[in-house]
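**Q** no sequence for this one, just the structure:
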C-alpha cells in the first residue's frame, strides 16, 4: 500500500519535471533562434582574425578575443590556462609539378600536410608509386619504394552514411603514410585529400612521424588531381617535383580560455562545453572549429540571458592546439586531475556548425540510458540520434578520470567538402543551423545540471 | 496450441522479412551514394536549361529533357500528359525607388510577385503604409489605405524549428495581400520577402487575386530592404515608385512527364514518386524543384540498376506548373480518376534536395503506423522523423481519391535562404544530400511495393 501511495505521489512529480524541462528547453531554443549571438561572434573570429594555427599571432589574437567576449558577457570567472604548444609554420606557398606525363607539365593543387618537414628550395624529385593501402605498400617492398615518392590514393568509402566513418577509413594515409613510406626508403609522399567529393581544394591536416623513422616531406593533393595523377601513373612512369617550405619551430606559450558560471548548490562540480580555438592556417576555421567555440560561449550566454542559475558550475572551454598536438586538451585534463575537480560531464562541438541531429555519448550504460531518456525533450528541435558513441578529441583526455563524454552530432554530409581547406570560411555557416547547435548544447547543459548523471 | 505453432512459424518469417528489407535497402543506398546519377542530371536541368516557368520555352525544353532522360534509362513506358497551363511573363527588369526619404533616393532590391499584373512603363507612385497583419490593415480602413501602397512586413517567426511552419505563418501576405489591400483601395503592394534570413535577395512566388476585387500590382522586397523601408517609414512619410512589366498571357499547352516500370503482380496498382518540373524564372530551380525531379527519376533508375522487379507499377511523375497554378497536379489526379487507376501511395519531393530527416505521412492511422514500422530500416540513413503530416502540393489533388500521401522531409534550415530567389542554383546542391534523398525515395517505393498499405 505504501508503495502505491509513493508511486501515486511520484507520477505527478515526474510529469511536472518533464513539463518543466520542456518549458525551459523551449525558452532556450527560442533565445538561441531569435536573439542568438554566436553567428555574429563567429564573423569576428573568422573574418577579422581568420586561420589561427597554434603558435601563430592569429591564435594569440583568438585567445584575447575569446577572453574579451566572455568577459563582455560577465561570466562569473574568465581566465587563461597556460599550455605549451607546438609551432608549425607553412612558409612560402607550396608547389607540385608532374614533369613528364604524356599530358605535358601539370601543376597540381596541393598543400603541405601539417607537422611535415619542408623540402626547402631544392624540393623533392622522384618517380611516383601509387598505392591504396599500407599492405599494398609493404607488398611492394623496399626494392620498389626506395628513392621514390609514394602516392596514397585510397578514396572515402561513400557507402557510409556518416562521412566521419568514411574519413576514419582513409585518414591513416595522411597521419601515418609518411612514416610507413619512409620505412621502405621513400623520399616523399603525396596523399589524396580527405574529402567526400571530387573537387579542386586540397585538404591539409596533421601527420605524426613515427619514432626512429626518417622524416620525409608530405603533401596532400586535391581529389580531382589525385584522380588525374592516378590516370597518368597508370599510363606510364611519372616524375613528380614538389617543394614545401614548412618547418617546425620551438614550442610556444599559448592558452586554453575558460569561462564559468558558478553553481549555486555544487560549485565544485563542473559541466564542460567546449570547442577548439586553433584552426588550420589555410582557411578561416569557420566550421572547424570556430563554430564549436561560439556555440559553447553562446550556451553560457543563454543561461545568463534567461536568468537560469545552474546548480553545478558550467564551463565554456576553448581548447588550444587540437589540430596538430592536442596539447590544450591534455593540459586541461591534467589540471583537472591536479586540482581534484569533479566533472559531471563534458560536451564537445567539433563536427561543424551544421544542423544538429543528436548527441554522441561515451559513458556507462546507465548514464547513457539516462541521457537517452531526455530525447523526447530535444526531438522537437531535430535531435533524434542518441545512439552513437563518441565525445571529442579535446575532451578525450578526461576519459581516464571517468568523465562521461558527449559530442554535438550535426549533419555530416557537407563537412568533408570544406574540412581543412581554404574554403572553410564564414559564408559556409548557416545562422540557424549554428544557433540550433548552440541551443542544443545549452539544453543538454541544463538537463545534465538539473538531473545529474 | 495451434496458435502457438502459428506464432512460432510466423516469427522467423517476420525476422526474415525485416532482414531482407535491410539488405535491399542497404543496396539501394549504396547504389545511390556510389553510382548515383541525380546530381549530374540536375546539372543539365539547371545549368543548360535553367529557370523554367510554366509556358516558357525553358519549360518546354525541360519536358523534352525529362522524357529523354527516362527513355535513356529504358523505363517500360515514358509519356507526356497534356495539360493547359497559365502563362505569366516577367518582362523587363523591375525597379522600385524610395523617392523622398531622409536617406535620399534608394533603389530597393525587389522582384515582381508571380501572377501579378504589371504596372507598365508608367509605374505606380504613392505613399507607403506599413502593416504586419490583415487585421491591422482592416483596422486602418479605407480612409488610410485608399490611393496608397501597402507594405506587408511581417517576418518569419524564428522560434519554429521547421522553417516551413515559419513560411506558413507569413506567406498569406504574398498570396492574398494584394487583394486584401485592393479591397480598401490600395494602388499597389510591396511584400517582405518570404525568407529566413536578413539578406539582399528578393523572393518571388505566386499570388492569387480574389474574385471581383480590382487587381493591383505586387512586388516582393529583400528582407534587408524591408528592414530599411520600415525604418524610413517610421521616420516620416515615404513616397515609393515601382515599375513592373509582367503580364498574364494566354494559357499554353504543356505536359506532365511520366515514366513507369511495370509491376509483375499488380500492374494496375500504382505507386508514384514525383516532383515538379516547372520553376521560377529568376533562378535555376535547383532545390525547387529540380531536386525532386531528378530524385524521382533516380528512384526508378535504382530499381533498374539493381534488377528489382516491383510487384506494383512504379511511376516517376514530373508535374508541370506547381509554382503558379498547380494545373499539372490537378490534371494528373483527374486522369487517374477518369482511368480508374488505383494508387497505393504517392510520394513527393518538393522541400529541397537537402539531407533527408524522414517522411511526412498523410494517411489513415493504420497506414501511418505501418509506414512508421519501417523506420528502423531507414534510420541508418538518417531517416528519423515520421511524425508529421503532409504530402506535397502536386499530389494533394489525389487526396479526395483516398490515396495515402507522403513527402520526403529534408532538413529545412537552408531552404528559405534560396527559395524562389536568383540564388536557387546548382552550386547550392550537395551531391550526397541529394542522393540520400533519392535513396530514401527508392527505399520507400520498395517497402510500399513489398508490404502494401
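**A** Arrived safely, thanks for sending. Note that this is a predicted model, so its numbers are computed, not measured.

**Q** So for the residue in the stretch 251-400 of chain A positioned nearest to chain B, what's the nearest residue that isn't a sequence neighbour?
**A** Across the stretch 251-400 of chain A, no residue is closer to chain B than residue A:384, which sits at 3.6 Å (C-beta to the nearest C-beta). Using the backbone N, CA and C atoms, a C-beta is placed for each residue, glycine as well. Excluding the flanking residues, the one nearest residue A:384 by C-beta to C-beta, 6 or more residues apart in numbering or on different chains is residue B:384, at 3.6 Å.

**Q** Tell me if residue A:279 really is in a strand.
**A** No - judged by DSSP: H, G, I helix; E, B strand; the rest coil, residue A:279 forms no part of a strand; its state is coil.

**Q** burial count for the closest residue to it other than its chain neighbours?
**A** Among residues not flanking residue A:279 along the chain, residue A:285 sits closest, at 2.3 Å (C-beta to C-beta, 6+ apart). A count of nearby residues for residue A:285, using other C-beta atoms under 10 Å in any protein chain shown, gives 32.

**Q** what's the answer for residue A:33, then?
**A** So residue A:33, with other C-beta under 10 Å, has 21 neighbours.

**Q** Does it fall in a helix, a strand, or a coil region?
**A** Applying three-state DSSP: residue A:33 is helix.

**Q** so it touches residue A:438, yeah?
**A** No - taking contacts as C-beta atoms under 8 Å, residue A:33 lies outside contact range of residue A:438: 9.5 Å.

**Q** re earlier: need the pLDDT of the residue of the stretch 251-400 of chain A closest to chain B.
**A** At residue A:384, the model reports a pLDDT of 95.

**Q** From what I see, it and residue B:383 are in contact.
**A** No - here residue A:384 does not reach residue B:383: they are 9.5 Å apart, not a contact under C-beta under 8 Å.

**Q** The two: which is more packed in?
**A** Between residue A:384 and residue B:383, counting by other C-beta under 10 Å, residue B:383 is the more crowded of the two (25 against 20).

**Q** Near chain B, which residues of chain A? Just list them.
**A** A:29-30, A:33-34, A:158-159, A:161, A:163, A:196-197, A:355, A:357, A:380-382, A:384-385, A:411, A:413-414, A:417, A:430-433, A:436 (C-beta under 8 Å from any C-beta of the partner chain).

**Q** where do the helices sit along the stretch 251-400 of chain A?
**A** Counting by DSSP state H, counting those that start in this stretch, the stretch 251-400 of chain A has these helices, from start to end: A:291-306, A:327-338, A:365-372, A:375-378.

**Q** so what does the shortest one touch, helix or strand wise?
**A** Helices and strands touching helix A:375-378, as assessed by 3 or more C-beta pairs under 8 Å, 6 or more residues apart in numbering or on different chains; DSSP states H and E, comprise helix A:2-35, helix A:431-451.

**Q** now those helices as JSON lines including distance to residue B:406?
**A** Shown next, in JSON lines, are those (distance: least, C-beta to C-beta, whole Å):
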{"stretch": "helix A:2-35", "distance to residue B:406": "28"}
{"stretch": "helix A:431-451", "distance to residue B:406": "25"}
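
**Q** Of those, which shows the lowest average pLDDT?
**A** helix A:2-35 (a mean of 78).

**Q** Residues contacting the very next helix or strand once past it, please?
**A** Per DSSP states H and E, the first helix or strand lying C-terminal to helix A:2-35 is helix A:38-43. For helix A:38-43, the surrounding residues in contact (C-beta atoms under 8 Å, 6 or more residues apart in numbering or on different chains) are A:32, A:69, A:286, A:290-291, A:294-295, A:297-298, A:353, A:426, A:429, A:431, A:434-435, A:438.

**Q** Any buried residues in helix A:38-43, and which?
**A** For helix A:38-43, the neighbour count (16 or more other C-beta atoms under 10 Å in any protein chain shown) marks A:38-39, A:41-43 as buried.

**Q** Just give me the closest of those residues to residue B:229.
**A** Within the buried residues of helix A:38-43, proximity to residue B:229 (C-beta to C-beta) peaks at residue A:39, which comes in at 23.7 Å.

**Q** Flag every buried residue along whichever helix or strand residue A:165 is part of.
**A** Assigning secondary structure by DSSP H and E places residue A:165 in helix A:163-168. Within helix A:163-168, the residues that count as buried by 16+ other C-beta under 10 Å are A:163-164, A:166-167.
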